[in-house]
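In: Next comes the sequence, and after it the predicted model I'd like to discuss.
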Amino acid sequence: MSAQLTPASRFVWSDLRGWNLYFLSKVVLAWMGALDLKILPNLLLLAALLVPLPWRWARITRTVVAMPVAVVLYYQDTWWPPFQRLLAQPGVLDFSADYWLELAQRFINWQMVAVLALLVVAYLLLKPWLRITTLSVLGMLGMAVVALPLPAGLNWGTSQATAATGGADAAAGALAPASNETLNAWLAAFYQQQSGLKTVFPAPASAAPFDVIILNICSLAWSDLDEVGMRQNTLLDHMDLIFDDFNSATAYSGPAAIRLLRASCGQTSHTALFDPVPAECQLFSNLQRLGFQSELAMNHDGHFDNFIGELSQYGGLQARPMDISAFPRALVAFDKSPLRRDGDVLNAWWKQRQAEQAQQVALFYNTISLHDGNRIVGADGRANAADYKARAQMVLGDMAGFVEAVERSGRRAMIVVVPEHGAALHGDRMQIPGMREIPSPSITHVPVGVKLVGMGTPASGGPRHVPEPSSYLALSELVSRVYALNAQSPPGARDWDSLLQGLPRTPTVSENEGAKVIDYGGKPWLQLQGSQAWNPYPEDKR
């Protein structure tokens, strides 16, 4: 006998039962700022589940269909990037089992778990006394009302703020209001402007020879140093010059190294990194023309994600890597490969350099000691977990010791410390700690320092600072100026004002394969692959 609906029951909601926890959890987490609730699809799902169905098979079918839809919708309501981007990290399938377990644990936010546990307890206690479905419906409708834009006439506070600052902004040439069309046009104009920029190196000159030493550090941003209380450290405090607002323009190692090696021309898009460029765009090609011999050293084998291949193929660095196989393991990398201690490699290279006949050398040194998931090798030979601060103290201490060794030697050198990108220690609402799929400002804002050894000191006796937004072109320009000035003046008369005046400024534009982040009007904007929409990068509320 088929079930019949009585007239009184035709317009009665179905009891959501366990679905109440689904919707109430969304209301609570969205209210806390942990979800970016997509109102319309959630209301459609809610409405579909509220429709009374008299047939048991129909209710079962609805549940079977609704469950995967609900899972996908819940993920879309998070701040995380599209799921396919999570698996798009370079070499993700090569991660060790320990690192996979570590990453899985980071997805668990214990504060949110506690909130949801309290919600479940409240649901079980109140279910016999209240119609929880009514609370779920009211909660979702309330979130819908909150999401509605206010009429222009009621948005008094924003209007007054705009009026108060509008005159000044207009006088200063304020940017047009952000929109998809405006931001796309701005980005296109940025790349057009950058395409015409390049460093003009001087002609080779006879002067006191010096070495150019680039220390390229993986996973070191200002935000990481702040997170572990190491903004003041032995390496950066010993520099002559600090770039306060340097943008690495990417969040991954290969693209970062290519950008650094192509520093002599303006910034390009991510896809253009893998197109041929003239030799005049390649920093080490320019140095080679000036008489510098290119050399390469790393504390790893360079095989992960074909890093060493990209240095030569796309960066123009034609140098055989230094053999480090004789050095003991100091760490085990996230992909289970052995890592050597930076002090061992750098000191061995410096000893080798002092025995060489070459007048001038340009070294590219890359370290991944600070990469997420690395484990330190103990005295017993076992790899144990090591927190970031312990590894940072080791890396920065080793490099500071190397700088001191160069100073003691009496040889002249220009040492440039430039990280690839940050470690994302803190994470944010879109990315868990350690995830760098989106090149957010906290990941690409890196500390860059320059030390001139035996080539004059700043008049103030302390580090000079470059506060303007900068990127790799400024480093290339600085190398060119140091070379030119070295041929024109004695070491004790180093003119730092001439070196720093008018260095190229580069607006903050960053790209990975699947995401673009730009600074427009003092606010970061994000565009994900496959979407034409630009959205403000969410502020971290944690």
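Out: In hand now; what should we look at? Treat the numbers as computed from the prediction; the structure is a model and nothing was measured.

In: just the helices in the stretch 301-450 of the chain please.
Out: Taking DSSP state H, counting those that start in this stretch as the test, the helices found in the stretch 301-450 of the chain are 307-313, 342-355, 388-409, 441-444.

In: Averaged pLDDT, the first one. What do you get?
Out: Average pLDDT, helix 307-313: 96.

In: pLDDT below threshold where in the stretch 101-250 of the chain?
Out: Low-confidence segments of the stretch 101-250 of the chain (pLDDT under 70): 101-108, 149-174.

In: Tell me which stretches of it form strands.
Out: Taking DSSP state E, counting those that start in this stretch, the strands of the stretch 101-250 of the chain run over residues 211-217, 241-247.

In: and the residue nearest the centre of the chain, what does it touch?
Out: The residue lying closest to the centre of the chain (C-alpha atoms, centre = their mean) is residue 443, at 3.0 Å. The neighbourhood of residue 443, defined by C-beta atoms under 8 Å, 6 or more residues apart in numbering, consists of 221, 223, 248, 251, 421-422, 424, 436. Every residue, glycine included, has its C-beta placed from N, CA and C.

In: Please dump those into CSV; it should also carry neighbour count and distance to residue 390 for every row.
Out: CSV is the format used below for these (neighbours: other C-beta atoms under 10 Å; distance: C-beta to C-beta, whole Å):
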residue, neighbour count, distance to residue 390
221, 27, 18
223, 21, 18
248, 26, 24
251, 28, 23
421, 27, 20
422, 29, 18
424, 25, 18
436, 22, 21
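
In: just those now: which is nearest residue 519?
Out: Residue 519 lies nearest to residue 248 out of the contacts of residue 443, by C-beta to C-beta, at 13.7 Å.

In: For this protein, name the helix or strand with the lowest mean pLDDT.
Out: Using mean pLDDT, DSSP states H and E, helix 156-171 stands out as the lowest-scoring helix or strand of the chain, at a mean of 34.

In: Let me see the backbone angles for residue 524.
Out: Backbone geometry at residue 524, expressed as degrees, to the nearest 10, gives phi -80, psi 130.

In: Grab the nearest non-local neighbour of it.
Out: Nearest in space to residue 524, with sequence neighbours left out and distances taken as C-beta to C-beta, 6 or more residues apart in numbering, is residue 537 at 4.0 Å.

In: cool, residue 147 as well?
Out: Nearest to residue 147 is residue 39, by C-beta to C-beta, 6+ apart, at 5.0 Å.

In: Hmm, residue 145 and the one you found touching each other?
Out: No: contact between residue 39 and residue 145 fails when scored by C-beta atoms under 8 Å: they sit 9.6 Å apart.

In: These two: which is more packed in?
Out: Shown here are residue 39 and residue 145; by other C-beta atoms under 10 Å, residue 39 has more neighbours (17 against 9).

In: show me the residues around that one that make contact.
Out: Contacts were defined as C-beta under 8 Å, 6+ apart; by that measure residue 39 touches 143-144, 147.

In: related to what we said a few turns ago, between the strands of the stretch 101-250 of the chain, which gets nearest to residue 330?
Out: strand 211-217 (15.2 Å).

In: what packs against that closest one?
Out: helix 253-261, strand 360-367, helix 388-409, strand 413-419 (3 or more C-beta pairs under 8 Å, 6 or more residues apart in numbering; DSSP states H and E).

In: Let's see that with 6 Å instead.
Out: Applying 3 or more C-beta pairs under 6 Å, 6 or more residues apart in numbering; DSSP states H and E, one finds that strand 211-217 contacts strand 360-367, strand 413-419.

In: the inter-axis angle of it versus helix 253-261?
Out: Angle of strand 211-217 versus helix 253-261, following axes from the mean of the first three to the mean of the last three C-alpha atoms, to 10 degrees, is 150 degrees.

In: Relative to strand 211-217, what are the paired strands and their orientations?
Out: Here strand 211-217 has these sheet partners by DSSP bridges: strand 360-367 (parallel), strand 413-419 (parallel).

In: Perfect, I'm done here.
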